[in-house]
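mind looking at a prediction? Sequence and model below.
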Amino acid sequence: MNTLKKVSSNPHIRGKVTTNHLMLAVIIALLPACGFGIYNFGLGALWVILITVASTVLTELLYEIILKKPITIGDFSAVVTGILLALNLPVSVPWWICVIGGVFAILVVKMLFGGLGQNFMNPALAARCFLLISFTSIMTNFECDAYTGPTPLALLKQGEVTNVYDMVIGRCNGTIGETSMIAIVIGACFLLLLGVIDLRVPGTYLLSFVIFVGLWGPAGFDLQYISAQLAGGGLMLGAFFMATDYVTRPVTVKGQYVYGIFLGLLTFLFRIFGSSAEGVSYAIILGNLLVPLIEKYTRPMAFGKRRGM
Amino acid sequence: MEQKMTRTTFVGGIHPYEGKELSKDKPILDILPGSDLVYPLSQHIGAPAVPIVKKGDRVLVGQKIAEAGGFVSACICSSVAGTVKAIEPRRVVTGDMVMSIIIENDNTYEEVEYPAVRPLEEMTKEEIISCVQEAGVVGMGGAGFPTHVKLSVKKPEKIDYVIVNCAECEPYLTSDYRRMIEEGDKILEGLKVALALFPNAKGVLAIEDNKPDCIELFKEKTVDESRILVRKLKTKYPQGAERSLIYAVTKRKLDSSRLPADVGCVVNNADTIVAIGQAVLHRKPLMERIVTITGDAIKEPRNFRVKIGTNYHELIEAAGGFKTEPEKIISGGPMMGFGVFELDLPTTKTASALVCLTKDEVSLLEPTACINCGRCLEVCPARLMPNKLSDFSAKHKEEEFIKYYGMECVECGCCSYVCPAKRYLAQNIKSMRKTVLSKRKK
Ligand code: SF4
Ligand code: SF4
């Protein structure tokens, strides 16, 4: 009978936004940071980005081909992971570091846990931490054509004065994507406007970090010092692009605030009392591990339910 | 009544494509049915009705053909005059076969003599409710809950709001809109009947702000009514869901364990309130309703006054037939309606619309992995975690499902609508709810 229609359970219409759209938006939002990285550190930065992205995407593709699983590289999440990892590398890294990082991020952190949505740590950050631990000297070698000195955050830790203006613009040393606060914030605003991310996690993260540093940091609420702490290192990139990673942040609203405060606290502890100047990556990774617990205790109350019923 | 106009709403919800412009400006057209009318004995929540006619009997318009099967049940009255052709199972929109009375229309439309009308002021509450019961009135917004049960609250003096649900938040539907524009007085009539039952209540007409003309119209009509107010609601789906609506109007919250009456509210949709008025003031049983025939596959989308029992084929024909072959036909709205696979189905008391779409966008979408984006939580009017609930359903974890308040789901479909991974959230949750509910019955 040609009049047979397709049936399915309601709802019979769907919104237009798909996973791909969201990932594409994140990629677009990362372009200013990529662009500035290439401008700041030269073409070497472009190579790092390209090689890292190629290795994340190819790892996912090969894994799925070998295990005869549905191919998922079309959702662009591997591209996002690749770019984020590259932005967290110094420009001086050799190509094989990019490849090892990309393979580790996708294979170990993402695919072995069941693919997109199943990983409990942010793949890019986990890979960065893995590289930092395994290849410490390479990963902390910030010597490059453009700059020779240490990163501003390292200077800050030694008690030296830094040029906050340069740090906001990004004319300073660091990993490829972290130096320019402006480029990162432009991308973040784009995501905020599109509603891809919201301010719950980054807002609480940055705010609580400022409060902790102000209360118990070496310089109190010194504007110069706090601005340098905010603009320096991976904080902006971490707060807006990695702490907001859907998969590895709590899904409950209350949980997101708790998570934000927790990240602020950890970052403060690592940066002020840790041996290295940087602490964002470790803070977020540790935060990731606590997400299931946070979610469990911040389960929302159903509408109209009264406590204890 | 003098009133300020602030816009009220609930937390959560979505803004789907409205599609109302297709049929919004088309006046209600009366259509007469063809030869066979089908009356399923179960077109309401509760016990099926019991036939009181047999094959070969002649029946008149308005004659009761099936008696309510209990208190929570509703009787059924014939909408045509003719002969009972058969009493046999027929298919309904849900796909199930339901015992139905089939009447062959003789096109005379000879009516029964309705009982004498008595002035409302002289009627007792019991009389009013029994009129509603005898008319077979049920919630016509889709749920089909017998209206006399809803009106029989234990402490009528505790009710302070009688809410008329004129939100019509489902996309494409315009039957309530036309009702308000063309027959606003009938709505007010019905509301006054309902108010007669609840001495301390105010009547509230709750209308979404995408219908400013209706809001204005009713404000004008009710300036001198001290007990009736008009409330402007934000246009958002599911503004018309009972619990969301009560919250938007009164800021009172309730969960599934309580009834609207527990927070002092009685809610009826626009069509139902008209049926109440007809039943009490004119003693006319529920025999017709307004149905929107629309969608991009329909030649001339419009609103019809349809005799209950009319075949869907006839409605499509009345709307000029199909412009293009539809891939998807939905009985009801696209968010909560039923997808039907054939048109040989009767119009029931709860059938608000037929939406015929040329493309079935949903069947093209492949669900992918959940990315934990949180959108489903944000839109859920019941403030649930649809991602988790759907997971529990798929893994048959009943205990967790209940612990995460799965039974509070109102099946609005917002979560599925918004999910970027196109997961079948509402669908999974719905099936688990069914399992749990059927176990509870045992
Ligand atoms: S879980 Fe239920 S109530 Fe919540 S959005 Fe989904 S269908 Fe609606
Ligand atoms: S909307 Fe879909 S992808 Fe997002 S959290 Fe809910 S189930 Fe997961």
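In hand now; what should we look at? Ligands and ions are numbered 1, 2, ... in the order given.

where are the low-confidence patches of chain B?
Within chain B, the segments meeting pLDDT under 70 span B:1-5, B:442.

near ligand 1, which residues of it show up?
B:379-382, B:384, B:386, B:409-415, B:425-426, B:429 (Cβ under 6 Å from any ligand atom). C-beta here means a position set from N, CA and C on the backbone, and glycine is covered the same way.

so which of those residues sit within helices?
B:V379, B:P386, B:C414, B:C415, B:L425, B:A426, B:I429 (DSSP state H).

residue contacts, the second one?
Neighbour list for B:P386: B:C376, B:L377, B:C380, B:C409, B:C415, B:L425, B:A426, B:I429 [criterion: Cβ atoms under 8 Å, 6 or more residues apart in numbering or on different chains].

recalculate using a threshold of 6 Å.
B:C376, B:C380, B:C415, B:L425 (Cβ atoms under 6 Å, 6 or more residues apart in numbering or on different chains).

which other helices and strands contact the biggest helix by length in chain B?
Across chain B, the longest stretch assigned as helix under DSSP H is helix B:175-197. With contacts taken as 3 or more Cβ pairs under 6 Å, 6 or more residues apart in numbering or on different chains; DSSP states H and E, helix B:175-197 sits against strand B:161-166, helix B:212-221, helix B:270-281, strand B:288-294.

which residues are contacting the longest one?
When contacts are taken as Cβ under 6 Å, 6+ apart, the neighbours of helix B:270-281 outside the stretch itself are B:128, B:131-132, B:135, B:137, B:139-140, B:147, B:164, B:166, B:176, B:179, B:186-187, B:189-191, B:193-194, B:284, B:286, B:289.

compute the inter-axis angle for that helix and helix B:175-197.
Angle of helix B:270-281 versus helix B:175-197, following axes from the mean of the first three to the mean of the last three Cα atoms, to 10 degrees, is 40 degrees.

ditto for the shortest one
Between strand B:161-166 and helix B:175-197, the angle formed by their directions is 160 degrees, by the same axes, to 10 degrees.

state the mean pLDDT of the helix or strand containing A:A29.
Assigned by DSSP states H and E, A:A29 belongs to helix A:19-41. If you average the pLDDT over helix A:19-41, you get 95.

export it as PDB, just CAs?
What follows is helix A:19-41, C-alpha atoms only, in PDB (Å, rounded to 0.1, in the frame of the first residue of the first chain):
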ATOM      1  CA  THR A  19      27.000  17.900  17.200                       C
ATOM      2  CA  ASN A  20      28.900  18.900  14.100                       C
ATOM      3  CA  HIS A  21      27.600  22.500  14.300                       C
ATOM      4  CA  LEU A  22      28.900  22.800  17.900                       C
ATOM      5  CA  MET A  23      32.300  21.400  17.100                       C
ATOM      6  CA  LEU A  24      32.600  23.600  14.000                       C
ATOM      7  CA  ALA A  25      31.700  26.600  16.200                       C
ATOM      8  CA  VAL A  26      34.500  25.700  18.600                       C
ATOM      9  CA  ILE A  27      37.000  25.300  15.700                       C
ATOM     10  CA  ILE A  28      36.000  28.800  14.400                       C
ATOM     11  CA  ALA A  29      36.300  30.200  17.900                       C
ATOM     12  CA  LEU A  30      39.900  28.800  18.100                       C
ATOM     13  CA  LEU A  31      41.000  30.400  14.800                       C
ATOM     14  CA  PRO A  32      41.900  33.800  16.400                       C
ATOM     15  CA  ALA A  33      44.200  32.100  18.900                       C
ATOM     16  CA  CYS A  34      45.700  29.900  16.100                       C
ATOM     17  CA  GLY A  35      46.100  33.000  13.900                       C
ATOM     18  CA  PHE A  36      47.800  35.000  16.600                       C
ATOM     19  CA  GLY A  37      50.000  32.000  17.500                       C
ATOM     20  CA  ILE A  38      51.300  31.800  13.900                       C
ATOM     21  CA  TYR A  39      51.800  35.500  13.800                       C
ATOM     22  CA  ASN A  40      53.600  35.500  17.100                       C
ATOM     23  CA  PHE A  41      55.800  32.500  16.700                       C
END
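
do that helix and ligand 2 meet at all?
No. Helix A:19-41 stays clear of ligand 2 (Cβ under 6 Å from any ligand atom), getting no nearer than 7.2 Å.

from A:L22, how far out is B:E182?
44 Å (Cβ to Cβ, to the nearest Å).

mind listing the strands for the stretch 251-400 of chain B?
Applying DSSP state E, counting those that start in this stretch to the stretch 251-400 of chain B gives strands spanning B:265-269, B:288-294, B:302-307, B:328-331, B:338-340, B:353-357.

worst mean pLDDT across the helices and strands of chain A, which element?
helix A:152-157 (a mean of 82; mean pLDDT, DSSP states H and E).

pull the residues that contact that one.
A:T162, A:M167, A:C172, A:A228, A:G232, A:G233, A:A277.

close enough to count as contact, the second one and A:A231?
Yes. In this structure, A:M167 is within contact of A:A231 by Cβ atoms under 6 Å, at 4.0 Å.
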